[in-house]
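In: curious how this folds, go ahead:
(one chain, ligands or ions: 1)
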Amino acid sequence: MSLVTMETLVQKAWTEGSCIPAFNVGSLEMIRGAIWAAEELNKPIIIQIAERLLKHSPLEYIGPAMVNAAKEANVDIAVNMDHSSSLDVIEKALELGFTSVMYDGSTDPYEDNISGTRKVYELASRYGASVEGKLGLVGGSEDGLSDHGIKCTNPELSHDFCERTGVSALAVAIGNAHGDYPAAPELAFDILEEINENAGKPLVLHGGSGLTDDDFRKAISLGIAKINIGTVSFKNVTKFAGDYLASEGKQDYFGLNGAMTQGMYENALRHIKVFTGVE
Ligand SMILES: [Zn+2]
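Out: Residues are numbered from 1 along each chain as shown. Down below sits the predicted model:
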């Protein structure tokens, strides 16, 4: 039980038809809440932070906390740098002990995406870390500030991309989006099925907040072995903090800290159960 690579976790989940939740975190409360849920259910998880959110949680502060929390945990945990495009940030994360990086070259032309991802693969390999690549456009962004629209992954390119880049997992675009969905999305499961037949690697679904449990189960049955959960965690932590501050009696910092941790824990618990089939 310890800090492990993303590849170790998703490869096993993929062959077993299961899925590893990847929780985006932004504070000690969120790290602790996620690991609390994972330990209680005795299931592995991934904790990650997106490059765009480092302005709120500097990598030099939160990175060591994530890595050390994973090392201390009673379950296997991978620590991932989510949606990075800067080699400097990626190298810093690897130096801090991250066991995985996601390189997002999906808005670049195909060949540029391949060469950028390959470069990151070569860098990450020197640290024994795994790489997640991305093909196709997922709507929205981690900080809600940009949107390149949605463009589904081309199944016919997925094998070529995985072979030439060396990635351990491939993030797909099948109508999923980051942040809140304005209306329940219709995921293109037919395209996911084709990607799964072609890619030969575990697949990753971003924008897990707002999908139904049936969506999750169907996606997992079609090769999704990592699902990113961000927005719904941030919202639940905020809700628990708000409810605590509005509660009767005297509030203090430590009570608030506990409420935020609980908000993350309950959201993480729910997702781990659905993804791994725990009743
Ligand atoms: Zn994402």
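In: do you know the pLDDT at residue 97?
Out: We have a pLDDT of 98 for residue 97.
In: contacting residues for it?
Out: Residue 97 makes contact with 3, 63-64, 67, 79, according to Cβ atoms under 8 Å, 6 or more residues apart in numbering. Yep, even glycine has a C-beta here, placed from its N, CA and C like the rest.
In: please repeat the previous calculation with a cut-off of 7 Å.
Out: Residues near residue 97 by Cβ atoms under 7 Å, 6 or more residues apart in numbering: residue 67.
In: now swap in residue 56 and tell me
Out: The contact partners of residue 56, by Cβ under 7 Å, 6+ apart, come to residue 26.
In: residue 49 versus that one, what's the distance?
Out: Residue 56 sits 9 Å away from residue 49, going by Cβ to Cβ, to the nearest Å.
In: stretch 195-205: how far from the chain's middle?
Out: Centroid separation for stretch 195-205 versus its chain: 16 Å, with Cα atoms, centre = their mean, to the nearest Å.
In: in three-state terms, label residue 38 for me.
Out: With DSSP: H, G, I helix; E, B strand; the rest coil as the basis, residue 38 sits in helix.
In: that one: what's its closest spatial neighbour, skipping adjacent residues?
Out: residue 45 (4.4 Å; Cβ to Cβ, 6 or more residues apart in numbering).
In: could you count how many residues lie near the nearest residue to residue 41 once chain neighbours are set aside?
Out: Closest residue in space to residue 41, ignoring its immediate chain neighbours: residue 272 at 5.3 Å, by Cβ to Cβ, 6+ apart. A count of neighbours around residue 272, defined by other Cβ atoms under 10 Å, yields 24.
In: hang on, the earlier thing: count the residues that sit near the residue nearest to residue 38.
Out: 27.
In: with the one 5 residues further on instead?
Out: Other residues within reach of residue 50, judged by other Cβ under 10 Å, total 23.
In: hmm, it is touching residue 85, no?
Out: No - using Cβ atoms under 7 Å, residue 50 is not in contact with residue 85, being 10.8 Å away.
In: tell me the buried residues in the longest helix seen in the chain?
Out: The helix spanning the most residues in the chain, taking DSSP state H as the definition, is helix 253-276. By neighbour count with 16 or more other Cβ atoms under 10 Å, helix 253-276 contains the buried residues 257, 259-276.
In: then stretch 170-182?
Out: 170-179, 181.
In: distance of the most far-flung residue of the chain relative to its centre from residue 25?
Out: Within the chain, residue 249 marks the point farthest from the mean C-alpha position, 37.5 Å out by Cα atoms, centre = their mean. Residue 249 sits 29 Å away from residue 25, taking Cβ to Cβ as the criterion.
In: same deal with residue 245?
Out: With the distance defined as Cβ to Cβ, residue 245 ends up 21 Å from residue 25.
In: who has more neighbours, the two?
Out: Taking other Cβ under 10 Å, residue 245 and residue 25 do not tie; residue 25 has more neighbours (29 against 11).
In: for the protein, what spans make up the strands?
Out: 20-24, 45-50, 77-84, 100-103, 130-134, 169-172, 203-205, 224-229 (DSSP state E).
In: of those, which is nearest residue 32?
Out: Residue 32 sits nearest to strand 45-50 of all the strands of the chain, at 10.4 Å, using Cβ to Cβ.
In: roughly how far is the closest one from the heart of the chain?
Out: Centroid separation for strand 45-50 versus its chain: 5 Å, with Cα atoms, centre = their mean.
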